[in-house]
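[1] sharing a model prediction with you, sequence too.
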Amino acid sequence: MSKPFLLGVILILVAVGYQYREALQSLLPDSIKRDIKSNSPKSSNQQTPSTEAGPSIKNFPDPQYYNPPFDPEHPSEPIYSKSGTRLITLNELAAHGHNGTLRPLWLAVVGRVFDVEKGAEHYYGPSGGYNFFTGRDGSRGYITGEFNDEGLIDDIEGLSLAQIGELDGWVKFYDKDYTFVGKLIARYYNKDGSPTKEWYKYQRSLTDKDKLDAETAKLKKRYPGCNSHWTQDEGGKVFCSTGSGGTQRDWVGYPRRYFAPGSKNWRCACVRDDDLNSVHVKMYPLCDPVSVECKVHPDQIAKLRETGG
């Protein structure tokens, strides 16, 4: 059978489509049929065995993390990212912890592993008050104060922006005072050392917190706090000056109850003429609207806070 004839048959197969594929292929010699079959793409639902080492069930059975067994007596060769950063598995980190046998002591915060051996005597050693942080990423515990296995985890889902900022303070503390060892292959870093989706989510939260802090500072400058004074004879009062609320300015303002956007709680703020009609401010009861001070009674304040008025 000539090659032009075979080429014509193949072109017909392409044009006619899958419906007549089997019938047309029957016209071909067996050798050609075998070639077609061997070079056909595999079905999309066919599973391909993974060549990567599976996760160890020694200490951390979570299948989403690369975590091969680690023998402290015969440590495997260290692994590094392409940029040269040391990469550490959960089992290796555990071997350098409170239940492990290797020194120096290590701990992790948001996936960053630190050598805390220099603080072993007072803080991280067997008799130290922070020994339970070693050998794991207990990021959540730094914020919640839950120093048990359920609380000393790397999952920070649900923490407020303020708490995320506090956690970042711990990361900066360890970066400054202790030695950075490498990145933990777990929630925040992949096997190759690249950031995970959770790491990017954490970074977005830090960015959102910075924006919130900037907006809060802006509002504090626009609505500076009041001064307050209380005596047994005269009772209490709130008043405004050019330096009240710790903000030096060239205007005084009038005492008002200021409600931050989205909040039912309020604080006393000194408000300029331009902002007196803002939906975020309310007058103190029985206070002269153009006075720079207002008399207040504790019972009155308590009632206002209870009612949110």
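    Alright, I've got the coordinates.
[2] okay, and Ser205 sits in which element?
    Element membership for Ser205 (DSSP states H and E) is helix 197-222.
[3] need phi/psi at Asp175.
    When read as degrees, to the nearest 10, the backbone of Asp175 gives phi -60, psi -40.
[4] what does Val110 give?
    Geometry field for Val110 lists phi and psi as phi 50, psi 40, criterion degrees, to the nearest 10.
[5] residue contacts, the residue nearest the centre of the chain?
    Nearest to the mean C-alpha position of the chain, by C-alpha atoms, centre = their mean, lies Tyr202 at 2.6 Å. Counting by C-beta atoms under 8 Å, 6 or more residues apart in numbering, Tyr202 touches 110, 156, 164, 188. Using the backbone N, CA and C atoms, a C-beta is placed for each residue, glycine as well.
[6] for Tyr273, give its distance to His229.
    Slight slip there: residue 273 is Asp, not Tyr. Separation of Asp273 from His229 (C-beta to C-beta, to the nearest Å) stands at 24 Å.
[7] nearest spatial neighbour of Ala186, skipping sequence neighbours?
    Counting by C-beta to C-beta, 6 or more residues apart in numbering, Tyr65 is the residue found nearest to Ala186 once chain neighbours are left out, at 5.1 Å.
[8] those strands in the stretch 51-200 of the chain, which residues are they?
    79-80, 86-88, 106-109, 112-115, 179-184 (DSSP state E, counting those that start in this stretch).
[9] of the ones you listed, which is nearest Ser241?
    strand 106-109 (43.6 Å; C-beta to C-beta).
[10] picking up where we left off before, ok, now which ones touch the residue nearest to Ala186?
    Tyr65 touches 55, 89-90, 185-187, counting by C-beta under 8 Å, 6+ apart.
[11] gap between it and Asn190?
    Tyr65 is 9 Å from Asn190, by C-beta to C-beta.
[12] what comes into contact with stretch 121-128?
    98, 105, 107, 116-117, 119-120, 129-131, 133-134.
[13] pLDDT below threshold where in this structure?
    Confidence mapping of the chain against pLDDT under 70 gives the ranges 1-63, 233, 298-309.
[14] now with 50?
    9, 11, 13-24, 27, 31-63 (pLDDT under 50).
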